[in-house]
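*Asks:* next one to model:
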Amino acid sequence: MAEINGKHDSHYAYGAKNFVYDPSNIESSSLPDLLVPIIKILKDEVCETRKHLSAVEDPKEDTQEFIKMIEVVELLVSHFEFTLEVLNSESEKEVQEIKKKYNQISEVYDQVKTKDDMSPVPAKYVVVLYHDKMIVELLKVLKRCFKIRHGEVKFLKTHDNLAKISILTYRFELGEEHYPRIITFPKDDIFYLPKNDPIWLDLYNHVTFKQILTEQESISSFKTFELTNNIGHVIVKNQLEHKGILNFKGAVSLLADLMYYGVHQRKAETHALRRLVHPDPDNAFLVWNLPEEPFVALMLSFDYPIIGYDELIYLPRLFPKITKELILKEYKENSFNKINPLDKSSFKAPDLLSNKEKVLEELFIEDKDRVQVRILSNDPLNLREGFATMMRTAILKATRVITGPAQLQPQFPAVEPEAAIIIHIHGGGFVSMSSGSHRIYLNRWVKNLKLVLFSIDYRLAPNNMYPDALDDVWQAYFWILNYAETILGIKNKKIILVGDSAGGTLALALQTRLIRAGFPPAHGCLLIYPALTVDEHSCSPSAFASLDDPVLPTSLLKLCVRAYIGDGDEFKSKEDPCISPLVASDELLEKLPPIRMIVGSKDPLHDDSWRFLAKLRRINKDVKLIVHEHIRHAYLCHQKLKKYHVFMEEACDLIRELIDKDHTQIKVQDKVKVEVEVGGQQ
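*Replies:* I've put the predicted structure just below:
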């Protein structure tokens, strides 16, 4: 079989160049230049593998999964060969003849009439990813699975080999499913264009590429994160089997699993990926929610900086609700993606000052019918009297006496407490986590910035589907806007809205919803590796990175989408900006505040940040994008990441930048006017 490094087979010599997802390499080659050697090596390997399979004496059922993988590879080769022939065609009639030749796959290429309907540029990126992520792994699997001695072929049917075959089969199936969408990419998409196109050149003026870690440093730093995630997926099912059994037996089983997979880390990776081929939603979401488990949360909290205030409050729903019925009504009226001001007379906040003490007391009583919000502050807040508050303040003062008033970034002046507040919306795929687990970086933010932060714990899917989470952030936003000062005594002249991952989706959804209803948005918005397209059928070059992403694989992305909006067509994920903010109309986007975005170059969601940047630049909005080279999704939740403080402080710098901007869209008097219009207090 062909050597992976390309030393033996001349047709695979390009593999020795170590092609990576690098525009400078891809731009210098044509799509046929990349396809021809890949087609040849795949066909050669399939041919040789079939010879080995015919010589194997083991029963057919032992090799059934292997045969399935080879068949999927052959189907993918058909897609590549079809592409080559169409690109070499000269007429529509010739293309029709080619389709007859490839009858098995022709249906997915109905829109291809001539070679001009093909999209070579995005396809080049994907083909290179096929090489780096799938073909190299295929060669490893083929080498592991067959043992040839004295002319006799033996198929090595081990648990690990079968797991790797299953994983690779699934990846090739996903690749075969997505490739037709890539090769027929819409021409109005920026990834259809070569990277020297004027549109890309303009975008580069608003993007900062940062290499805080080298590729090797990044891989090394994420190993612990990945190992923890892998072990979580492997053992969670085992632990669920102990549900209802004595805690001691469950604890012993957990300890044994941790010790075994801690030593056999490669097995943990293989077994985890195997379970993620067709994951069980309950098990998968449980793994993501492990940081919320009391013991795990306690262990993680030891690394959080000590701050002056950290408490949950429960906000009543005082404003018109965003319901499923309302969303479907807007679909019917075709009013969901354009400005449609609400009747302000029906949108008045009640007067709470007449009974302020009771209102304040009820905020601290846990109530599932209210919106849970966490308040974080570097300095103590005297929101209520009580023993817990007194003890927390005393501990903070004692700690500061011992450690001194250390600051994470003393060269920057503190933000005035009255100047701004942050409203934060956490990530977790709409299905997991909370403000509690995100204190990994939130505590550092408030300690660094010296301001008050509200983090909204919206209801999670699948128990609460769209638009429940949107309604929660909507209700919390208006409550904070109208009552944070009068009820809590927390002054704010500016509001900076921040969201990471799914929280970024909700942050932009909230902004567009405010604009649509005729209210001004926040003063600035920071989006950290946001999910801007919530559609399980969306595809892009960077999405292929999730084929082997241990934390955010394609299978889990699909589960999250289905959990949030269902698997039917009831919600218009490709048209509704509150589901997929990337599809927001220019009418809504023009009224957005300054936007700052951060994303890693290895993030499966990476491409949509570029698309959003392009949409905002087209209408001359104030927007900037930072791309971290070699960095993956959710890196801010990985506090063991090398140089973590640099990433954290960067986000603080962007928040400062948004606070310090000379805003013309919302000034203090405008905010007061909004409060008056909705019934708030002057």
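
*Asks:* starting at the chain centroid, how far to stretch 369-388?
*Replies:* Per Cα atoms, centre = their mean, to the nearest Å, the displacement of stretch 369-388 from the mean C-alpha position of its chain is 30 Å.

*Asks:* before we move on, what about stretch 167-183?
*Replies:* Using Cα atoms, centre = their mean, we find the averaged C-alpha position of stretch 167-183 to lie 20 Å away from the chain's own average C-alpha position.

*Asks:* again with stretch 98-105
*Replies:* Relative to the mean C-alpha coordinate of its chain, stretch 98-105 is positioned 37 Å out (Cα atoms, centre = their mean).

*Asks:* below-threshold pLDDT in the stretch 251-400 of the chain: ranges please.
*Replies:* Per-residue confidence for the stretch 251-400 of the chain (pLDDT under 70) gives these ranges: 251-255, 257, 260-264, 385-400.

*Asks:* after the helix or strand in which residue 69 is found comes which helix or strand?
*Replies:* With the criterion set as DSSP states H and E, the secondary-structure element containing residue 69 is helix 64-87. Per DSSP H and E, the first helix or strand lying C-terminal to helix 64-87 is helix 92-101.

*Asks:* which other helices and strands contact the helix or strand that that following helix is followed by?
*Replies:* Along the chain past helix 92-101, the next helix or strand (assigned with DSSP H and E) turns out to be helix 120-130. In this structure, helix 120-130 packs against helix 23-27, helix 31-55, helix 64-87, helix 159-183, with contacts taken as 3 or more Cβ pairs under 8 Å, 6 or more residues apart in numbering; DSSP states H and E. For the C-beta atoms, the positions are set from N, CA and C on the backbone; glycine is no exception.

*Asks:* okay, angle between the second one and helix 64-87 too, please.
*Replies:* Put plainly, it is helix 31-55. Here helix 31-55 runs at an angle of 150 degrees relative to helix 64-87 (axes from the mean of the first three to the mean of the last three Cα atoms, to 10 degrees).

*Asks:* for helix 31-55, the distance to its chain's centre please.
*Replies:* For helix 31-55, the gap between its own C-alpha mean and the chain's C-alpha mean amounts to 34 Å (Cα atoms, centre = their mean).

*Asks:* tell me how far the most centrally placed residue in the chain lies from residue 425.
*Replies:* Taking Cα atoms, centre = their mean, the centroid of the chain lies closest to residue 501, which sits 4.4 Å from it. The span separating residue 501 from residue 425 equals 10 Å under the rule Cβ to Cβ, to the nearest Å.

*Asks:* also residue 469?
*Replies:* Distance of residue 469 to residue 425, given as Cβ to Cβ: 9 Å.

*Asks:* neighbour count for the two, which is higher?
*Replies:* The neighbour count for residue 469 versus residue 425, taken as other Cβ atoms under 10 Å, is higher for residue 425 (30 against 24).

*Asks:* still on that earlier bit, for the residue nearest to the centre of the chain, which non-adjacent residue is closest in space?
*Replies:* Once flanking residues are discounted, residue 501 sits nearest to residue 427: 2.9 Å by Cβ to Cβ, 6 or more residues apart in numbering.

*Asks:* how many other residues sit next to that neighbour?
*Replies:* Counted by other Cβ under 10 Å, the residues lying close to residue 427 total 26.

*Asks:* am I right that it is in contact with residue 605?
*Replies:* No: the pair residue 427 / residue 605 is not scored as a contact, 10.6 Å apart, by Cβ atoms under 8 Å.

*Asks:* okay, and the common contacts of the two?
*Replies:* For the pair residue 427 and residue 605, residues contacting each of them under the criterion Cβ atoms under 8 Å, 6 or more residues apart in numbering are 501, 529.
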